[in-house]
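J.: Have a look; sequence and predicted model below, questions after that.
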Amino acid sequence: MKGLWLLLILLALVALAALPWYGSDVLVQFGISTLLLAVLAQGWNIIGGYTGYASFGNSVFYGLGAYGVAIAMVQWNLPFGVGMVFGVVLAVVFAFLLGLPVLRLRGHYFAIATLALAQVMAAIVSNIPLAGQNIGLVLPPLNNDRLFYELSLALLVLATLTVFWLTRSKFGFGLIAIRENEEGAAVMGVNTTLYKVMAFALSGIFTALAGGIHAYWITFLDPESAFDISLNVKMIIMAVFGGPGTVLGPVVGAFVLSAVSEVLSSEVTSIAGLFFGIVVVAAVVLMPRGVADVIRRFRTSGWRYFAENIKAHRL
Amino acid sequence: MRASDKAGEALLAVTDLSAGYGGMPVLRDVSLEVRHGEILALVGSNGAGKTTLLRALSRMIASDGGIRFAGRDLAPMTPDEVFGAGLVQVPEGRQLFDRMTVEDNLLMGAYRRADQASVRGDLERMYALFPRLGERRRQLAGSMSGGEQQMCAMARGLMAKPQLLMIDEMSLGLAPVIVEQLMEVLATIRTEGVTVLLVEQDIHLALSGADRGYVMETGAIVHGGDAKALIDDPAVRKAYLGL
């Protein structure tokens, strides 16, 4: 059974990796943005899914990663790789500076405290000449979608392997304990402050890398698009749709919802947003614990699974 | 040196400890000692400062005064370092991981241990000590009865191989027959070298199962000594036992 799963995942991976050689240009572009969204959902999964802290500040990591690459390449004429490292450094510094005070808050308070961060960062960056103020920065174009696609795929694999390692490690066990009962975790000798900040930083590293790739791919960056709260909402929806606190859930969620959103916006254009909203509401009502939980439980409870969830909502 | 060789010596010595919350003092110059291999009862009514004292000892809150444990100064340590030193708390309200299995809760207790190889054996020892937990090892901790949850919390604490196990309000909300079982378990683990600090509101229960006891009142220790003598002390009887 385990071998079969591994084989399926490997086959899917090979099919994905080979896509630029058999897919159309449009499909490859769709692939890049989907893979990057999946990285964001997987990054959010570390702090939101495993540690239980619903972060709305992850889009700041994304913006910092994007600006790291843009500033390094445009202002300092450094190579892309150095820009990525610079973006990661910015994200980790931000995670520690902000995580130490903000991660003391729990539940809704933490979510609200992080909600404004993206707005604040957009305002700050708009006033920094090095970052091009509110005009933004234009990066040197590199017309190589195949490269961007493979880079994004590699990053997603790395993020997913990291989450898989989390589920097997003492560190990950500690994070789950924090999610389940933070007081209990502290009493059992888990250094909760350190663990939460490390999870926040780890989440930030992958998010920043995705932001860096995206900036170089799109070749243009301004504060509004870099620190976009709706992007943060998107990663949460995708992670929760797929199954937060699972290894493959956020990836599946990102793939499915990106595809649904793409089909809707090409078929019904003007009211695509409405349909997308309906899909999300239906998903939350019918399967609040995500696709991963449906797959686990459908075999035993069948269609009753959905009925039970509706009942649990008292609809 | 085996535990029995040290019997009678101080394992934990607290001197002039003061602590509070946000400028509001709760503990005033508390001094006490816990000796190797004993069951010590710390009793007192609601709001006497018992839980605050435990929180200060495990460094969850700041305090002034000396805390020496097994030859080390705990005052500058963080909660996880105190835990690593062998001072383990079974907190009030148990604080279990409700959506994790009993077994995962116990494994969480062994989280910081270096000797992971012997954890398996210790799990089996816990299941022998608490047969009910053995039957329910795959069950979610939150779905068990209050008594079973208290057993789970105590077993989780023991999985950390503590030198001193501090149990806060062990009997709260439990049936007398369960409390009796838990007291027997305390007597058993004491013979295995674990010293116990039992914090209780149920003064009669705690003192009758302990070797020595301290009585706390509004943040200070007002009586202390041999547990049997405390039960017979007219002042304690009058104030707390309604006799």
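T.: In hand now; what should we look at?
J.: Identify each of the strands in the stretch 51-200 of chain A and give its residue range.
T.: A:137-138 (DSSP state E, counting those that start in this stretch).
J.: Repeat that for chain B.
T.: In chain B, the strands defined using DSSP state E lie at B:10-21, B:24-35, B:39-43, B:63-69, B:72-73, B:87-90, B:164-168, B:195-200, B:212-217, B:220-226.
J.: Turn those strands into a markdown table, including mean neighbour count and distance to chain A.
T.: (Each C-beta comes from the backbone N, C-alpha and C, glycine too.) Shown next, in a markdown table, are those (neighbours: other Cβ atoms under 10 Å in any protein chain shown; distance: least, Cβ to the nearest Cβ, whole Å):
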| stretch | mean neighbour count | distance to chain A |
| --- | --- | --- |
| strand B:10-21 | 18 | 16 |
| strand B:24-35 | 18 | 19 |
| strand B:39-43 | 25 | 18 |
| strand B:63-69 | 18 | 15 |
| strand B:72-73 | 12 | 16 |
| strand B:87-90 | 28 | 5 |
| strand B:164-168 | 23 | 10 |
| strand B:195-200 | 25 | 14 |
| strand B:212-217 | 23 | 21 |
| strand B:220-226 | 16 | 24 |
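J.: now those as JSON lines including distance to residue A:2 and mean pLDDT?
T.: Compiled in JSON lines, the strands of chain B are given as follows (distance: least, Cβ to Cβ, whole Å; pLDDT from 0 to 100):
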{"stretch": "strand B:10-21", "distance to residue A:2": "48", "mean pLDDT": "92"}
{"stretch": "strand B:24-35", "distance to residue A:2": "49", "mean pLDDT": "92"}
{"stretch": "strand B:39-43", "distance to residue A:2": "48", "mean pLDDT": "93"}
{"stretch": "strand B:63-69", "distance to residue A:2": "46", "mean pLDDT": "93"}
{"stretch": "strand B:72-73", "distance to residue A:2": "46", "mean pLDDT": "92"}
{"stretch": "strand B:87-90", "distance to residue A:2": "37", "mean pLDDT": "94"}
{"stretch": "strand B:164-168", "distance to residue A:2": "40", "mean pLDDT": "95"}
{"stretch": "strand B:195-200", "distance to residue A:2": "44", "mean pLDDT": "94"}
{"stretch": "strand B:212-217", "distance to residue A:2": "55", "mean pLDDT": "92"}
{"stretch": "strand B:220-226", "distance to residue A:2": "58", "mean pLDDT": "90"}
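J.: Ok, which of these comes nearest residue B:140?
T.: Nearest to residue B:140 among these is strand B:87-90 (19.4 Å), distances taken as Cβ to Cβ.
J.: helices or strands up against the closest one?
T.: In terms of contacts (3 or more Cβ pairs under 8 Å, 6 or more residues apart in numbering or on different chains; DSSP states H and E), strand B:87-90 is packed against helix B:50-57, helix B:146-158, strand B:164-168.
J.: again, 10 Å this time
T.: Counting contacts by 3 or more Cβ pairs under 10 Å, 6 or more residues apart in numbering or on different chains; DSSP states H and E, strand B:87-90 packs against helix A:182-187, helix B:50-57, helix B:79-85, helix B:146-158, strand B:164-168, strand B:195-200.
J.: Just the angle for the longest one relative to strand B:164-168, thanks.
T.: Compare the direction of helix B:146-158 with that of strand B:164-168 by axes from the mean of the first three to the mean of the last three Cα atoms, to 10 degrees and you get 150 degrees.
J.: List the buried residues of helix B:146-158.
T.: In terms of neighbour count (16 or more other Cβ atoms under 10 Å in any protein chain shown), helix B:146-158 has its buried residues at B:147, B:148, B:149, B:150, B:151, B:152, B:153, B:154, B:155, B:156, B:157, B:158.
J.: Identify, from those residues, the entry nearest to residue A:156.
T.: Residue A:156 has its nearest neighbour among the buried residues of helix B:146-158 in residue B:156, at 37.1 Å by Cβ to Cβ.
J.: now the closest one: how far from residue B:133?
T.: Computed as Cβ to Cβ, to the nearest Å, the residue B:156 to residue B:133 distance reads 10 Å.
J.: go on, residue A:231?
T.: Taken as Cβ to Cβ, the span from residue A:231 to residue B:133 is 46 Å.
J.: The two: who's more crowded?
T.: Taking other Cβ atoms under 10 Å in any protein chain shown, residue A:231 and residue B:133 do not tie; residue B:133 has more neighbours (25 against 21).
J.: who's in contact with the more buried one?
T.: Listed by Cβ atoms under 10 Å, 6 or more residues apart in numbering or on different chains, the contact partners of residue B:133 are B:102-103, B:105-106, B:123, B:126-127, B:139, B:141, B:144, B:148, B:151-152, B:154-156.
J.: wouldn't residue B:212 be in contact with residue B:223 here?
T.: No - using Cβ atoms under 10 Å, residue B:212 makes no contact with residue B:223, being 11.1 Å away.
J.: list the residues that contact both of those two?
T.: Shared contacts of residue B:212 and residue B:223, defined by Cβ under 10 Å, 6+ apart, are found at B:229, B:230.
J.: And the residue lying closest to residue B:81 once chain neighbours are set aside, its phi and psi?
T.: Residue nearest to residue B:81 in three dimensions, not counting chain neighbours: residue B:59, with 7.7 Å by Cβ to Cβ, 6 or more residues apart in numbering or on different chains. Main-chain torsions, residue B:59, degrees, to the nearest 10: phi 60, psi 30.
J.: Could you do residue B:169 as well?
T.: The phi and psi values for residue B:169, taken as degrees, to the nearest 10, are phi 50, psi 60.
J.: Okay, it and residue B:199: tell me how far apart.
T.: For residue B:169, the distance to residue B:199 (Cβ to Cβ) stands at 6 Å.
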